[in-house]
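**Student:** Build me a model from this:
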Amino acid sequence: MLEEIKSLRKAPREECYVPGHRTCAGCGPALTYRQVAKAAGKNTIFIGPTGCMYVANTSYGCGPWTVPWIHAQITNGGAVASGIEAAYKAIIRKKKTDAEFPAIIVMAGDGGSTDIGLQALSAAFYRGHDILFICYDNESYANTGIQTSPTTPYGAWTTFTPAGPVVPEGKKLLPKDNPKIMAHGHPELKYLATASIGYPLDLMNKVRKGINAKGPAYLHIHAPCPKGWSFPSDKTVELAKLAVDTGMFQLYELTEDRQYRVTYQPKELKPVEEYLKLQGRFAHLQPEHVAKLQNFAQGRLQEVGIEATVPPAAE
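**Tutor:** Residues are numbered from 1 along each chain as shown. You can find the predicted model right below:
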């Protein structure tokens, strides 16, 4: 699949995710879907566990895909993809079709990837199924009212973690690092990377690498959400880039010997405060909370081998 084109220097012109959906203006997950579908091409089957990209894309019995798409429960995206993969391999082996094996891609939110759907994802990877599992991470259960998820950052306001006199920081827990969970617990893993909608060619090249990996591949994509994060809808891409430039999200691949290879390193990191101040979900934070997030970002950067000095925040 896609062996003839390993990498991209510019985006394909063909669209496989087309207008007609009902996502919010500036929707990060919708931009994710468009970029992923462009990279994957026509010979693709998408599995969509329940989430924003299921509900907003399938209203009134129609959808924006020009390729096959199937709904899965939020719990079982990995299991449905496993069944499709096994079925295709069987009919090809039995010579019941001359079709090329397709790209089989799960597009799950952070709930369907890191929380409720983690067990089916992990099982599919443990069995070695040839699928690409993508988490579009908007850092909350946005479809059901902006509830906290395992990837919601420390200090974020959600409907389940409201800031107040008793808990002034809002969310008290640091976010789960699902790429690292997948990286070090699954011996059959063939490819793993992180990506951001702010860097579309990097994202699309990683989609192609995942499809070509001939085994389980995992891609974790940072996808800002204007509604859940409370920022203007025309700032989605700017905020996505700022997340990388402040170290709140890191772009890397996992090498064959399970080492991290950074695919984009900011020349100079910006203070985390610049990222936080653009989002209403962090408006309640005090200096000590911001300092904790700055230390968190520094720690994540060091884990993947990014060393950079953060300039002091503006007075």
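
**Student:** quick one, what contacts the residue nearest in space to the middle of the chain?
**Tutor:** In the chain, the centroid-proximal residue (C-alpha atoms, centre = their mean) is I221; its distance is 2.5 Å. Residues near I221 by C-beta atoms under 8 Å, 6 or more residues apart in numbering: T32, V36, I134, C135, Y136, D137, T194, A195, S196, I197, L203. For the C-beta atoms, the positions are set from N, CA and C on the backbone; glycine is no exception.

**Student:** which one among those residues gets closest to L121?
**Tutor:** C135 (8.7 Å; C-beta to C-beta).

**Student:** Where do the strands of the stretch 51-200 of the chain begin and end?
**Tutor:** 69-72, 103-109, 132-137, 191-196 (DSSP state E, counting those that start in this stretch).

**Student:** Which other helices and strands does the helix or strand just after the second one contact?
**Tutor:** Pointing back at strand 103-109 there. Moving toward the C-terminus from strand 103-109, the first helix or strand encountered (DSSP states H and E) is helix 110. Contact partners of helix 110 among helices and strands, from 3 or more C-beta pairs under 8 Å, 6 or more residues apart in numbering; DSSP states H and E: strand 132-137.

**Student:** quick one: the strands in the stretch 201-315 of the chain?
**Tutor:** Using DSSP E, counting those that start in this stretch, strands in the stretch 201-315 of the chain cover 217-222, 251-254, 260-264.

**Student:** Please work out which of these is packed deepest.
**Tutor:** When the strands of the stretch 201-315 of the chain are scored by mean count of other C-beta atoms under 10 Å, the highest mean neighbour count falls to strand 217-222 (a mean of 26).

**Student:** Send me that one as CSV with only the CA atoms.
**Tutor:** Taking C-alpha atoms only, strand 217-222 is exported to CSV below (Å, rounded to 0.1, in the frame of the first residue of the first chain):
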residue,chain,number,x,y,z
ALA,A,217,1.0,1.5,13.9
TYR,A,218,-0.1,4.2,16.3
LEU,A,219,-0.3,8.0,15.6
HIS,A,220,-1.2,10.5,18.2
ILE,A,221,-2.4,13.8,16.7
HIS,A,222,-2.8,17.0,18.7
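
**Student:** Averaged pLDDT, it. What do you get?
**Tutor:** Here strand 217-222 scores 98 as its mean pLDDT.

**Student:** Check what pLDDT I5 gets.
**Tutor:** So, for I5, pLDDT stands at 44.

**Student:** quick revisit: the strands of the stretch 51-200 of the chain: which one's closest to G305?
**Tutor:** So among these, strand 191-196 is nearest, using C-beta to C-beta, at 13.4 Å.

**Student:** what angle sits between that closest one and strand 217-222?
**Tutor:** Put simply, strand 191-196 runs at 10 degrees to strand 217-222, going by axes from the mean of the first three to the mean of the last three C-alpha atoms, to 10 degrees.

**Student:** avg pLDDT for strand 191-196?
**Tutor:** On average, strand 191-196 scores 98.

**Student:** What of stretch 306-313?
**Tutor:** Stretch 306-313 comes out at a mean pLDDT of 70.

**Student:** Could you measure from the spatially closest residue to I134 that is not a sequence neighbour over to M182?
**Tutor:** Nearest non-adjacent residue to I134, counting by C-beta to C-beta, 6 or more residues apart in numbering: L219, 4.8 Å away. Per C-beta to C-beta, to the nearest Å, L219 is found 10 Å from M182.

**Student:** what is in contact with the two at once?
**Tutor:** L192.

**Student:** and K209, how many neighbours?
**Tutor:** For K209, the count of nearby residues is 21 (other C-beta atoms under 10 Å).

**Student:** For it, which non-adjacent residue is spatially closest?
**Tutor:** Y191 (5.6 Å).

**Student:** Residues in a beta bridge with that neighbour, which ones?
**Tutor:** A217 (DSSP bridges).

**Student:** hang on, isn't it packed against V207?
**Tutor:** No. In this structure Y191 lies outside contact range of V207 using C-beta atoms under 8 Å: 10.3 Å.

**Student:** Look up the closest residue to Q119, ignoring the ones flanking it.
**Tutor:** Using C-beta to C-beta, 6+ apart, the closest residue to Q119 is T75 (7.5 Å).

**Student:** can you pull the contacts of the one you found?
**Tutor:** T75 touches P49, G112, I116, G117, Q119, A120, counting by C-beta under 8 Å, 6+ apart.

**Student:** for R127, same thing?
**Tutor:** S82, E188.

**Student:** ok, it to E238 distance?
**Tutor:** For R127, the distance to E238 - C-beta to C-beta - is 40 Å.

**Student:** And for A156?
**Tutor:** From A156 to E238 the distance is 19 Å (C-beta to C-beta).

**Student:** Settle it for me: which of these two has more neighbours?
**Tutor:** A156 (25 against 14).

**Student:** If anything else comes up later, I'll come back, but that's it for now.
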